[in-house]
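J.: Here is a sequence with its predicted model. Questions after.
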Protein chains: 2
Amino acid sequence: MNNLSRRGLMSGVAAAGAAVALAPATTAKAAAPAAGKQAPGYYRHKVGDFEVTVVTDGKVVIPLPETYVANAKKDAVNEVIAANYLPTNSATHLYTPVVINTGSKLVVIDTGLGLGTFAQSKGAAGQFHTNLAASGIDPKSVDAVVISHFHGDHINGLLDADNKLAFPNAEIMVPAAEWKQWMDDSNMSKAAGTPVEGNYKNSRRVFGAFGNKVTQYDDGKELVGGIKAIATPGHTPGHMSYLVTSGPRSMIVQSDITAGMAFLFVKNPDWQLAFDMDKALAVQSRKKIYDMAIAEKIPVQGFHFPFPGLAYVEKDGNGYRLIPATWNPTL
Amino acid sequence: MNNLSRRGLMSGVAAAGAAVALAPATTAKAAAPAAGKQAPGYYRHKVGDFEVTVVTDGKVVIPLPETYVANAKKDAVNEVIAANYLPTNSATHLYTPVVINTGSKLVVIDTGLGLGTFAQSKGAAGQFHTNLAASGIDPKSVDAVVISHFHGDHINGLLDADNKLAFPNAEIMVPAAEWKQWMDDSNMSKAAGTPVEGNYKNSRRVFGAFGNKVTQYDDGKELVGGIKAIATPGHTPGHMSYLVTSGPRSMIVQSDITAGMAFLFVKNPDWQLAFDMDKALAVQSRKKIYDMAIAEKIPVQGFHFPFPGLAYVEKDGNGYRLIPATWNPTL
């Protein structure tokens, strides 16, 4: 059992160049090699008759910016990070798109950081397409891709590694208000030299790659039978969440109601993420969605929640607490 | 977009026996078929240099017994079940063995409900071997199987579907106190006609299938370099947990410190699970392990936690609360 001393003995014997044959062969056997890689990141659950496949796109860890939360000190932010047993002074960002098979349509909601040159971290993120393949879903069979807003972690995965449309047979559905915001030339001119300028350019890059062929939608639109858009502006002007309903069961796909490190804003819903564009409106949309989830006792699927990203919401003091849905080993 | 009315239209057209060819072929296309099955249930994480593969054995749901908790009313139990968004009046049991590759040994800790006639629920449970195969681990390469105690959900998976030893090259390590309890004929005689009689018989069935060739161990034993037994009696007389240490990192493999629906006893550590054999001692062992996890800020891997079963522990009033470790999409 004392493996270390046994190994020491063995190497000593070998070094002496003698008597190696006396050691039983099994003693020298190393363990099977470590696998060295994570399991494919997909998970299935049902909402009524709908089959949901949650697919992780991976993670990106960056140094924690000083002003990650516009209205909280870095120390207070680090305290909540530590309470979640994640590395302090780092922002750990997780990306969790979903695919919904309604029985008549196969629908992707948001697409991750993509595979091309704009993937922020090769391997660690941009895993959506790999994990989608592992789940057995063929991108060619996707009928619709619904985009919640035009940040790169939601739209870049529309393109494959060759910058072609990754879902060649899908209708691409985008919020009309997002299209208006990001594809408008005068808005882009005004943003010249600011940090958001890149987002205007990236939106043009992505949608331009397939000739801007999108269907625009507004608040309240039933995009596919059972999947309805709910305007939740603030994070971006046209940001959308979704109510997914099949029979008596529902869930909310929250998109970026709590973004970045979502747990910070679950616990402190009044905290303002630095890159929420209209911060007060983002807080309002956040509370609207979580209060709805609590009132209706329906789970929330969160794009920036840790995989598999499905949780119930409860009030907790001035904020909220997530109760992760119990992993179901069967479907 | 209005899929339902479009479908209504289509079927109306077809019923009229006319003009079907006028409808574009794509309109009638059904979605890709649902996958209909869950993702393979394994997950990897590191403890220092050790690679841990958590492998779900599945779940078994039974009607909630009146006396599931010996010292709490069924209503109080149902209240905690509801707070965890699981079906009330049911006991949802989840099984989560682990495999640890220390770099020099490949070690399985506990084995699930097995594949043979004693698997309690074909398909839903007894998935350990299937998911192990999915994870790429060959049972022939397992060097040691460590058993925490002799309940069927921990030992039955020692055997394959033909009731042969499923890990043909492994040393089988069992708590000496468990061997003494369950393999003793006078103990079995005294249990005749009681609910635990079956456990004596099952222990003989399982270990007898490979000629009772086991290595017995006691409290404090380092079973394999970095994996040390901690006696945590109560659930059964020889019940063991483990401290796993590699470099500066550790975790506790708790086994059945909280068993059945573990969350009940995490929240209410003084509650006594009906099938804890020495109930007061089980409570004592439970608090010892969780207080140790809190003091050392190390995660706990729980056999009856929902997959992937890795969580940090915090005090919460008179009980504890689990903070699930954040799913890592990379290794």
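T.: Arrived safely, thanks for sending.

J.: Name the residue of the stretch 51-200 of chain A that lies nearest to chain B.
T.: A:S141 (3.9 Å; C-beta to the nearest C-beta). No exception for glycine: its C-beta is placed from N, CA and C like everyone else's.

J.: Just to check, that residue is in contact with B:A35?
T.: No. A:S141 lies out of contact with B:A35 (C-beta atoms under 8 Å); the separation is 11.6 Å.

J.: need the helices for the stretch 1-150 of chain A, in chain order.
T.: A:3-15, A:74-83, A:128-134 (DSSP state H, counting those that start in this stretch).

J.: which stretch in the ones you listed is the model least sure about?
T.: When the helices of the stretch 1-150 of chain A are ranked by mean pLDDT, helix A:3-15 comes last with a mean of 35.

J.: What would stretch A:55-65 look like as PDB? C-alpha coordinates only.
T.: C-alpha atoms of stretch A:55-65 as PDB (Å, rounded to 0.1, in the frame of the first residue of the first chain):
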ATOM      1  CA  VAL A  55     -24.500  22.700 -24.200                       C
ATOM      2  CA  THR A  56     -21.600  24.400 -22.600                       C
ATOM      3  CA  ASP A  57     -19.500  26.700 -24.700                       C
ATOM      4  CA  GLY A  58     -16.700  26.700 -22.000                       C
ATOM      5  CA  LYS A  59     -15.200  29.400 -19.800                       C
ATOM      6  CA  VAL A  60     -12.900  32.400 -20.000                       C
ATOM      7  CA  VAL A  61     -11.100  33.700 -16.900                       C
ATOM      8  CA  ILE A  62      -9.800  37.200 -17.000                       C
ATOM      9  CA  PRO A  63      -8.200  39.500 -14.300                       C
ATOM     10  CA  LEU A  64     -11.000  41.100 -12.300                       C
ATOM     11  CA  PRO A  65     -11.400  44.700 -13.600                       C
END
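
J.: May I have the residues that are in contact with A:G247?
T.: By C-beta atoms under 8 Å, 6 or more residues apart in numbering or on different chains, the contact set of A:G247 is A:48-49.

J.: Now do it against chain B, distance only.
T.: A:G247 is 14 Å from chain B, where distance means C-beta to the nearest C-beta, to the nearest Å.

J.: Residues of the stretch 201-331 of chain A that sit close to chain B?
T.: Residues of the stretch 201-331 of chain A lying close to chain B by C-beta under 8 Å from any C-beta of the partner chain are A:215, A:221-225, A:299, A:306-308, A:312, A:323-331.

J.: Just those residues: which are in helices?
T.: Among these, no member falls in helices (DSSP state H).

J.: filter these to the buried ones?
T.: A:221-225, A:299, A:306-308, A:312, A:324-330 (16 or more other C-beta atoms under 10 Å in any protein chain shown).

J.: for the closest residue to A:Y42 other than its chain neighbours, phi and psi?
T.: Setting aside the residues directly before and after it, A:Y42 is nearest to A:S135 in space (C-beta to C-beta, 6 or more residues apart in numbering or on different chains), at 4.0 Å. Per-residue torsions, A:S135: phi -80, psi -10 (degrees, to the nearest 10).

J.: Please name the residues that touch A:S135.
T.: Contacts of A:S135 (C-beta under 8 Å, 6+ apart): A:40, A:42, A:44, A:53, A:55, A:99, B:35, B:39.

J.: mind running it again at 7 Å?
T.: Applying C-beta atoms under 7 Å, 6 or more residues apart in numbering or on different chains, we find A:S135 in contact with A:42, A:53, A:55, B:35, B:39.

J.: who wins for most neighbours among those residues?
T.: Ranked by the number of neighbours (other C-beta atoms under 10 Å in any protein chain shown), the contacts of A:S135 place A:V55 first, at 31 neighbours.

J.: circling back to that earlier point, pLDDT score assigned to the residue nearest to A:Y42?
T.: 97.

J.: now the one 5 residues further on
T.: With respect to pLDDT, A:K140 scores 97.

J.: Distance of it relative to A:L132?
T.: 12 Å (C-beta to C-beta, to the nearest Å).
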